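Student: No sequence on hand, only this structure:
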Ligand code: CR1
């Protein structure tokens, strides 16, 4: 249930640990060293549970889930691991006896940015929930040597620096040399019949790459469960080292796991990316099958013992790779292999952005992965043969895997999986009615929705301890194990004392953030101002520029009439733009320049402040979210698959300002229309406007005076220090007809923002709505999301006894 370690024991062991690593006393240690010692000690505490969990799974031959994902964003792990173990308080106390501050040491941990955004963070929330539910869930990904670039602003422009997160070692990982695999690329391959009459492939001139696993324990919440996250690293096979004579010659191997692709919405057809995908997939599938060989599991039982989850299309090569191993190495027939593969695999789609649906040139695939390509071709041929007579030409060609010289990875994933899901109700509807419509006709039974979730453990219990304490005081601690209990907190919506406390907690969090803003940005903000937060990747469809236009609008109004009655606001942004996404970077520059203007204009004072944090990531999110009053979720309806910052902000008492997009719709349903601010086009209206091509942005510019003032301010020198960025925005919005309907939604956005002001003036009503948001956030616990994946898709169950750890009575 709980780790039993006394403060005394901890203090002794910590001192020993430090000394054994550094050969001097902890009193002389730097924060990094102290953190390393502490991390290793915690890992030591974890290790016996890690071992026992693994043994338990094997002994009981339980079904295991393998979550294949090119991205994981675990965030700093010391605090959350210690917390889940039940050791956090002991450690804090022990350290303070030694005159050390836990918070300071925890800050010394590198935050591994092994993902781009929501997709990677979701994978990590899922790892936490799998372990906390006591389910056998393994992560499978890449140990990128450099994470997502570190963002800096120079003169308001985004600059990308390498993120060398492994510089000071990573205490959580264990290099597992016993479990390496060989992954083959390129060369020639041909099939020959062996003496048993099997067609077996022969390879020549392949590039052989050693895949080395680094395992990281994933600790469940007080349930003795420790699962495994396995990240693969590419190396030269020892026996081939002599073939490499220069550093340059080793590049093609080392580069495979060197950097994370800094783009979550648009992959240029880059060979290296495809290499990364196959590398991760092949190593992962090989290690799964090796496990079965070792324990002699009949191959046909594989789907009863394993679920492989394809997180977005990036790992879709799981399908042909599993086929390859079952046919070439296990000598099963095509039909047997297909039955197993299809029952084992399931796929989640995370985006409808067409440019993000991966397609690889056939020639590239053929050359890099000749055997895999042969198998894909065969899957495609059989698919076409079966589908044509039943559904005819049109549907068959539209759903084929091979189309116009490319391999369509989404089609491969759908055809090779027994389950296909979207990540919010609206998103799944759009998949069924639009993006994957033809597949929905072929395989309606495969489609299902699994609305995303977040782990409250990291995003509330740990990020917002004062709120957590307040909830504990009011409703007891049960909600931590049974999130649905949080709804009991609703009973306090009219309780003045509780509302005041809630306001105090928020103010305290805002003060803390204000200090941080002062420290890193040098900007003074008033903690009593309304903190308005938009934190997510920078993308035109997310419409940070709509936010920008509204701020500019307020600025112009204040300039015109300095006594205008706006509630003082701090607009807070955190966002990285893909390095090659020029337009997104232009938006960043304009926001930064506007910030310079607004923050230094004495006419404005505290009425408006703009804070654009550099290098947004998990650790920064943990600081910002507890301090937010307004959660900006303003994507063009239909474009945001789900969103997850919306859930985190709501759970911390921010009120959502939202379009009816992604999971915002479900947030509205749970918290009630009166307790958030909705504006803008619905997704139906967006589809109609697109279909009838009736939208004319220029007409809006011509007819709406307020809008014209704002747009003109982009180009008339109002905003200082711009090159052509203001013109670029103006052009895209006015002359190129505003692809994401920013101008169309502007008026209703401004109106909603004014309502926000009005409500904020009534602090107790604001607090009441905030409380209702917190109390309605439990359905977005990733524990529930994972329970639904487990029941409907993976068919796995908890391995801990009923009354231990998290239990989900209902929602
Ligand atoms: C979506 O854009 C969603 C996350 C997690 C993102 C976001 O709305 O919350 O996935 N998609 O499901 C993505 O990163 C590559 O696609």
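Tutor: Sure thing, it's come through. Just so it is clear, the model here is predicted, and its values are computed rather than measured.

Student: in this protein, which segments are predicted with low confidence?
Tutor: Counting by pLDDT under 70, the chain contains low-confidence residues at 1-2, 264-269, 802-805, 807, 809-811.

Student: For it, what lies in contact range of the ligand?
Tutor: For the chain, the contact set with the ligand under C-beta under 6 Å from any ligand atom comprises 117-119, 122, 264, 312, 350-351, 356, 423, 452, 640-644, 662. All C-beta atoms are positioned from the backbone trio N, CA, C, and that covers glycine.

Student: Which of those fall in helices?
Tutor: Among the residues of the chain next to the ligand, DSSP state H puts 118-119, 122 in helices.

Student: most neighbours, which of those residues?
Tutor: Counting neighbours by other C-beta atoms under 10 Å, residue 122 leads these with 26 neighbours.

Student: Next, count neighbours for residue 271.
Tutor: 12.

Student: can you map out the strands along the stretch 551-700 of the chain?
Tutor: Per DSSP state E, counting those that start in this stretch, the stretch 551-700 of the chain carries strands over the ranges 569-574, 608-613, 630-633, 655-658, 677-678.

Student: from the chain's centre, how far out does the last one sit?
Tutor: If you compare the mean C-alpha spot of strand 677-678 with that of the full chain, they lie 25 Å apart, counting by C-alpha atoms, centre = their mean, to the nearest Å.

Student: which residues sit against it?
Tutor: Strand 677-678 is contacted by residues 655-660, 664, 668, 752, 755-756 when judged by C-beta atoms under 8 Å, 6 or more residues apart in numbering.

Student: Could you list the paired strands of it along with their orientation?
Tutor: Here strand 677-678 has these sheet partners by DSSP bridges: strand 655-658 (parallel).

Student: can you check the second one too?
Tutor: According to DSSP bridges, strand 608-613 forms sheet pairs with strand 569-574 (parallel).

Student: And the strand it pairs with, what's buried?
Tutor: Using 16 or more other C-beta atoms under 10 Å as the test for burial, strand 569-574 gives 569-574.

Student: Any idea how many residues pack against residue 762?
Tutor: Neighbourhood size, residue 762 [other C-beta under 10 Å]: 11.

Student: For it, give its distance to the ligand.
Tutor: Noted for residue 762: a distance of 32 Å to the ligand, by C-beta to the nearest ligand atom, to the nearest Å.

Student: repeat for residue 667
Tutor: With the distance defined as C-beta to the nearest ligand atom, residue 667 ends up 13 Å from the ligand.

Student: Now for that residue: which residues touch it?
Tutor: By C-beta under 8 Å, 6+ apart, the neighbours of residue 667 are 646-647, 650, 656, 658, 676, 780.

Student: got TSV for these, with distance to residue 100 and neighbour count too?
Tutor: Shown next, in TSV, are the contacts of residue 667 (distance: C-beta to C-beta, whole Å; neighbours: other C-beta atoms under 10 Å):
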residue	distance to residue 100	neighbour count
646	37	29
647	34	29
650	35	30
656	39	23
658	43	27
676	43	25
780	36	26
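
Student: Filter the residues you listed down to just the ones in helices.
Tutor: 646-647, 650.

Student: Of the ones in helices among the residues of the chain next to the ligand, just say which sits nearest to residue 75.
Tutor: Checking those against residue 75 with C-beta to C-beta, the nearest one is residue 122 at 12.6 Å.

Student: Near the closest residue to the ligand within the stretch 201-350 of the chain, how many other residues are there?
Tutor: For the stretch 201-350 of the chain and the ligand, the shortest gap (C-beta to the nearest ligand atom) falls at residue 350, measuring 3.5 Å. By other C-beta under 10 Å, the residues close to residue 350 number 21.

Student: Which residues are in contact with it?
Tutor: Residues counted as contacts of residue 350 (C-beta under 8 Å, 6+ apart) are 118-119, 122, 311-312, 423, 641-642.

Student: Quickly note the distance from whichever residue of the stretch 401-550 of the chain sits closest to the ligand to residue 400.
Tutor: For the stretch 401-550 of the chain and the ligand, the shortest gap (C-beta to the nearest ligand atom) falls at residue 423, measuring 4.0 Å. Distance from residue 423 to residue 400, counting by C-beta to C-beta, to the nearest Å: 26 Å.

Student: Kindly report the same for residue 645.
Tutor: From residue 645 over to residue 400 the distance is 37 Å, taken as C-beta to C-beta.

Student: What of residue 583?
Tutor: Distance from residue 583 to residue 400, by C-beta to C-beta: 33 Å.

Student: which of those two has more neighbours?
Tutor: Legend: neighbour count by other C-beta under 10 Å for residue 583 and residue 400, higher for residue 400 (18 against 15).

Student: hang on, isn't that one packed against residue 410?
Tutor: No: Residue 400 sits out of contact with residue 410 when judged by C-beta atoms under 8 Å, with a separation of 11.8 Å.

Student: So for stretch 432-451, what gets flagged as buried?
Tutor: For stretch 432-451, a neighbour-count test (16+ other C-beta under 10 Å) marks 432, 435-436, 438-440, 442-443, 446-451 as buried.

Student: could you dump these to a markdown table with secondary structure and distance to residue 48?
Tutor: Shown next, in a markdown table, are these (DSSP: H, G, I helix; E, B strand; the rest coil; distance: C-beta to C-beta, whole Å):
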| residue | secondary structure | distance to residue 48 |
| --- | --- | --- |
| 432 | helix | 47 |
| 435 | helix | 47 |
| 436 | coil | 46 |
| 438 | helix | 52 |
| 439 | helix | 46 |
| 440 | helix | 48 |
| 442 | helix | 49 |
| 443 | coil | 45 |
| 446 | helix | 41 |
| 447 | strand | 43 |
| 448 | strand | 38 |
| 449 | strand | 39 |
| 450 | coil | 34 |
| 451 | coil | 36 |
